[in-house]
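>>> have a look at this prediction, sequence included:
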Amino acid sequence: MLVKNKKIRIVLSVFFWGLTALLAFMIFGLSAQNGPESASLSEKVRDFLSALIGFELDLHLVRTCAHFLEYCAFTFSLFFALAFSFNRLRPLITVIISAVYAATDEIHQLFSEGRACDVKDFFVDSAGAVLTVAALVITIRLFHRITQRRSQHE
């Protein structure tokens, strides 16, 4: 269990469920943009990042990274929302929920003018979810192992 204090667990649960809902709405809103709006936003992000690093970035790379990173954030928040609420099977459930949301996100884009349902985007989103969960599981297990070793030495 990540946190033993019940009140703190409840506060963290509410926080992470709220953050997860906010990120889901953000993803939904981005998918609801029509083709020209989406392209314009991607170009603005690309131009900002290109100016920041000093060379022109590929627009497709920026869009792919955006898909990946938005699902990393969504999955991170969902993982902890589940962890502070249920604490059972959260890695598997987190990946399944994230992948299902990614699929519905791509289907949603069919209804946005100038947008399409792209299977590659679904796999990029799902890869963000799987890698985020893997990183979290490894980090939490390492943390528990370190804290157990410290408590044994005391």
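Noted; the coordinates are in hand.

>>> got a list of what the closest residue to residue 82 other than its chain neighbours touches?
Leaving out its chain neighbours, the residue that sits closest to residue 82 by CB to CB, 6 or more residues apart in numbering is residue 90, at 4.2 Å. Quick note: C-beta positions are derived from backbone N, CA and C, even for glycine. Contacts for residue 90 (CB atoms under 8 Å, 6 or more residues apart in numbering) come out as 79, 82, 83.

>>> surely the second one and residue 92 touch.
No - with contacts defined as CB atoms under 8 Å, residue 82 does not count as touching residue 92, sitting 10.2 Å away.

>>> just checking, what packs against the longest helix along the chain?
Longest helix of the chain, by residue count under DSSP state H: helix 119-153. Judged by 3 or more CB pairs under 8 Å, 6 or more residues apart in numbering; DSSP states H and E, helix 119-153 is in contact with helix 59-85, helix 90-109.

>>> separation between the residue nearest to residue 82 and residue 18?
Relative to residue 18, residue 90 is positioned 18 Å away (CB to CB, to the nearest Å).

>>> cool, and residue 150?
Look at residue 150 and residue 18: by CB to CB, they are 33 Å apart.

>>> these two: who's more crowded?
residue 18 (12 against 9; other CB atoms under 10 Å).

>>> low-confidence regions, the chain specifically.
The model of the chain has pLDDT under 70 over residues 1-2, 87.

>>> neighbour count winner among residue 82 and residue 92?
residue 82 (21 against 10).

>>> list the contacts for the more buried one?
Going by CB under 8 Å, 6+ apart, residue 82 touches 90, 93, 94.

>>> excluding chain neighbours, what is closest to residue 101?
Nearest to residue 101 is residue 24, by CB to CB, 6+ apart, at 6.7 Å.

>>> any idea which element the one you found lies in?
Residue 24 is located in helix 6-32, with elements delineated by DSSP states H and E.

>>> what are the buried residues along that helix?
By neighbour count on 16 or more other CB atoms under 10 Å, the buried set for helix 6-32 is 9, 12, 13, 16, 17, 19, 20, 23, 27, 30, 31.

>>> immediately after that helix, which helix or strand?
helix 35-53.

>>> off-centre distance for that following helix?
The chain centroid and the centroid of helix 35-53 are separated by 20 Å under CA atoms, centre = their mean, to the nearest Å.
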